[in-house]
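In: fold the following for me, if possible:
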Amino acid sequence: KSSQQPVAIKVVDKYSCHKQPAMLASICAEQAILKELRVLCARQSNTSTVHPVVQLIASFHDQECLYLVLQCYTVGTLQDLIQHYVKNNPASDDAPLQRSILYQQSIPFYVRQLWQAIGFLHQHGI
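Out: The predicted structure is shown next:
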């Protein structure tokens with residue numbers, strides 16, 4: 001399907017899944033949850049509800065890999081954000097207070113985002 005929206009594609013090697021059955025189970029569970037969310041979001045599409053969880057657009061496979069096509073968020077993961085913050089705000093003798101204040105200001109925002117996403121999933125029995 002062609003569209004102008006950027007997507008993220010999660011690629012999982014089937015060989016790795018066969019070597020690690022827990023990995024395959026995890027990917028299948030992730031796909032099932034994302035499909036359930038897609039159905040839920042489609043039912044609520046006429047509301048102004050913002051869904052705090054990445055949406056599954058499509059999934060498919062070939063002989064070598066499994067593919068999950070997801071909404072693309074260009075800001076990266078929470079881990080990317082933390083690593084970027086630490087890299088760009090190195091600790092120093094003259095800046096520990098400033099660094100501490102930045103951490104204190106940003107942490108509640110991201111905790112709130114995670115809390116909303118978890119609440120959304122629990123509210124819908126996922």
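In: need phi/psi at residue 78.
Out: phi -60, psi -40 (degrees, to the nearest 10).
In: count the neighbours of it for me.
Out: Neighbour count of residue 78, defined by other Cβ atoms under 10 Å: 11. Yep, even glycine has a C-beta here, placed from its N, CA and C like the rest.
In: is it true that it touches residue 110?
Out: Yes: using Cβ atoms under 8 Å, residue 78 is in contact with residue 110, at 6.4 Å.
In: give the contact list for the residue nearest the centre of the chain.
Out: The centre of the chain sits closest to residue 54, judged by Cα atoms, centre = their mean, with a distance of 5.4 Å. By Cβ atoms under 8 Å, 6 or more residues apart in numbering, the contact list for residue 54 reads 8, 34, 70-71, 73.
In: give me the helices and strands touching the helix-or-strand element of the chain with minimal mean pLDDT, please.
Out: Scoring the helices and strands of the chain by mean pLDDT, DSSP states H and E places helix 78-88 at the bottom, with a mean of 72. Applying 3 or more Cβ pairs under 8 Å, 6 or more residues apart in numbering; DSSP states H and E, one finds that helix 78-88 contacts helix 96-123.
In: so the residue nearest to the centre of the chain is in which element?
Out: For residue 54, there is no host helix or strand (DSSP states H and E).
In: next one: it, what pLDDT does it get?
Out: pLDDT, residue 54: 80.
In: wait, residue 59 touches residue 67, no?
Out: Yes: counting by Cβ under 8 Å, residue 59 does reach residue 67; the two are 6.4 Å apart.
In: which pair of the contacts of residue 54 spans the longest distance?
Out: Farthest-apart pair in the contacts of residue 54 is 34 and 73; separation 14.3 Å (Cβ to Cβ).
In: these two - which one has more neighbours?
Out: Comparing residue 34 with residue 73 by other Cβ under 10 Å, the one with more neighbours is residue 34, at 19 against 10.
In: what's the distance between the more buried one and residue 112?
Out: Separation of residue 34 from residue 112 (Cβ to Cβ, to the nearest Å): 23 Å.
In: then residue 124?
Out: Going from residue 124 to residue 112 by Cβ to Cβ gives 19 Å.
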